[in-house]
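**Student:** Model the following, please.
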Amino acid sequence: MRSWLMPVIVMGLSGVGLIFASDRGRKKVHDFIDRVSEAENPLGEFNKALDQQLAHIQQALDQLSEALES
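**Tutor:** Residues are numbered from 1 along each chain as shown. A predicted model of the protein is given here:
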């Protein structure tokens, strides 16, 4: 089993590299990412919620920084 692990990893990484090597492959990946991020699906909603939480965390850190400076 272990003797197959390294070749499978190398083949997988080379496959991903080949996707990004061509303009058509990069365009397909970018189109997929755009569709997933803009779609009204649970993943899109999760991304929006995550962005809101990150904004709240950043605001709290800014307030903490201001309090420590004064």
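
**Student:** how much space between the residue nearest the centre of the chain and Lys27?
**Tutor:** Centroid check for the chain by C-alpha atoms, centre = their mean gives Ile33 as the closest residue, at 8.9 Å. Between Ile33 and Lys27 the distance is 11 Å, computed by C-beta to C-beta, to the nearest Å. The C-beta positions use only the backbone N, C-alpha and C, and glycine is treated the same way.

**Student:** again with Ser3
**Tutor:** Taking C-beta to C-beta as the measure, Ser3 falls 37 Å from Lys27.

**Student:** and Gly25, how many neighbours does it have?
**Tutor:** 14 (other C-beta atoms under 10 Å).

**Student:** packing partners for the strand or helix carrying it?
**Tutor:** Using DSSP states H and E, Gly25 maps to helix 23-38. Contacts defined by 3 or more C-beta pairs under 8 Å, 6 or more residues apart in numbering; DSSP states H and E place helix 23-38 against helix 2-21, helix 42-69.

**Student:** Out of these, which gets the lowest mean score?
**Tutor:** Ranked on mean pLDDT, the bottom entry among the helices and strands packed on helix 23-38 is helix 2-21, at a mean of 81.

**Student:** Alpha carbons of that one, in CSV - could you do that?
**Tutor:** The C-alpha atoms that make up helix 2-21 are tabulated as CSV, following Å, rounded to 0.1, in the frame of the first residue of the first chain:
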residue,chain,number,x,y,z
ARG,A,2,2.7,2.4,0.9
SER,A,3,4.6,1.8,-2.3
TRP,A,4,1.7,3.3,-4.2
LEU,A,5,1.3,6.4,-2.1
MET,A,6,4.2,8.5,-3.6
PRO,A,7,3.3,7.8,-7.3
VAL,A,8,-0.3,8.6,-6.7
ILE,A,9,0.6,11.9,-5.0
VAL,A,10,3.0,12.8,-7.8
MET,A,11,0.4,12.0,-10.5
GLY,A,12,-2.2,14.0,-8.7
LEU,A,13,0.0,17.1,-8.3
SER,A,14,1.2,16.8,-11.9
GLY,A,15,-2.5,16.7,-13.0
VAL,A,16,-3.3,19.8,-11.1
GLY,A,17,-0.2,21.5,-12.6
LEU,A,18,-1.3,20.6,-16.1
ILE,A,19,-4.7,22.2,-15.4
PHE,A,20,-3.0,25.5,-14.5
ALA,A,21,-0.5,25.2,-17.3
